[in-house]
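In: For reference, the sequence and a predicted model appear below.
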Amino acid sequence: MPMAAASSITEIAIETAIAAADVICAVYDRPIHVVTKEDGSPVTEADAAAEAVIIKHLEVTGLPTLGEESVAAGVIPVLGERYFVVDPLDGTKEFIKRNGEFTVNIALVENGRSIMGVVLAPATGDLFVGDVNGAWSGKVVAGKVVDRRPIKVAPSAGPHIVASRSHGHAALAQLREIMGVESDVSIGSSLKFCLVARGDAQLYPRFTPTCEWDTAAGQAVLEAAGGALLTLDGAPLRYGKGELKYLNPYFVAAASEELALTAAELMQRLIPS
């Protein structure tokens, strides 16, 4: 099957995220049954149901899909140089808490780089998209995307930090003090990348483990908006680390490469070896 053009793939990913969000909201509106994975993380029926919908919708592109729940079940497709990376329900803990801070993440990876990302928050309809044409946000209302507007990172003399709602780290307080942070906000899921991409924050340091499906879509949105996501050695975060169980190293997402490099150097000093 011929591969779809980049713009068409983005639209397919948006439509797919909307379909997955409908499934998630149906579960969200009734009592949620929670089970625990082998790694101790929670999972609900919404995770698996949303991933099944996503994989089915993306088949039209002819590209393989690497999904969090499929990997957990031991079902890993043969991946080439171009494939989707999917987290059907990023922020399961926030979903269970019913605070609305969870997302559907769909990314397109090519040669180890995330080149397209769609992040949709089912509870609010907030949508963030990034690809070769730039980054934009919108709102999903009754299954349709409205209020599309470009987004771009914004600098700040004293950076605003966004941090994980459920995965904090003691070194974060030290980093805030050293960098003269004006304010910080905690929020769940890949919405942290989107706040930096939209200019509401300048820095998202990550001191705790993540996997490729947690970051790929958010990274594409951030980079399309002019930001940077670097590991602590100063290199862009890359994908295709199957031999490491798709684990990411610690990283920093920032409104500029310069700010990311500064924060990455400080983070290396703050984390015990």
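Out: Looks like it came in fine.
In: switch to C-alpha atoms for all contacts and neighbour counts from now on
Out: OK.
In: okay, and the helix or strand of the chain with the least pLDDT?
Out: For the chain, scoring each helix and strand by mean pLDDT, DSSP states H and E identifies strand 183-187 as the least confident one, at a mean of 80.
In: what pairs with it, and is each one parallel or antiparallel?
Out: Partners of strand 183-187 in the sheet, by DSSP bridges, are strand 160-164 (parallel).
In: ok, and for the strand it pairs with, which residues are buried?
Out: Buried residues in strand 160-164, counted by 16 or more other Cα atoms under 10 Å: 160, 161, 162, 163, 164.
In: what does stretch 104-116 give?
Out: Neighbour-count burial for stretch 104-116, counted by 16+ other Cα under 10 Å, picks out 104, 105, 106, 107, 108, 109, 110, 113, 114, 115, 116.
In: Please go through this structure and pick out the longest helix.
Out: Scanning the chain for the helix with the most residues, using DSSP state H, yields helix 6-28.
In: what's that helix in contact with?
Out: 45-47, 49-51, 53-54, 57-58, 61, 88-89, 95, 98, 104-106, 116-123, 131, 140, 143 (Cα atoms under 8 Å, 6 or more residues apart in numbering).
In: please redo it, this time with the cut-off set to 6 Å
Out: Under the criterion Cα atoms under 6 Å, 6 or more residues apart in numbering, residues 46, 50, 53, 54, 57, 122 lie in contact with helix 6-28.
In: I'd like the residues you listed written out as a markdown table, with neighbour count, distance to residue 245 and secondary structure added.
Out: Listed next are these as a markdown table, based on neighbours: other Cα atoms under 10 Å; distance: Cα to Cα, whole Å; DSSP: H, G, I helix; E, B strand; the rest coil:
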| residue | neighbour count | distance to residue 245 | secondary structure |
| --- | --- | --- | --- |
| 46 | 24 | 23 | helix |
| 50 | 23 | 22 | helix |
| 53 | 18 | 24 | helix |
| 54 | 26 | 21 | helix |
| 57 | 17 | 25 | helix |
| 122 | 25 | 28 | coil |
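In: just checking, residue 113 touches residue 240?
Out: No: under the criterion of Cα atoms under 6 Å, residue 113 makes no contact with residue 240, lying 8.8 Å away.
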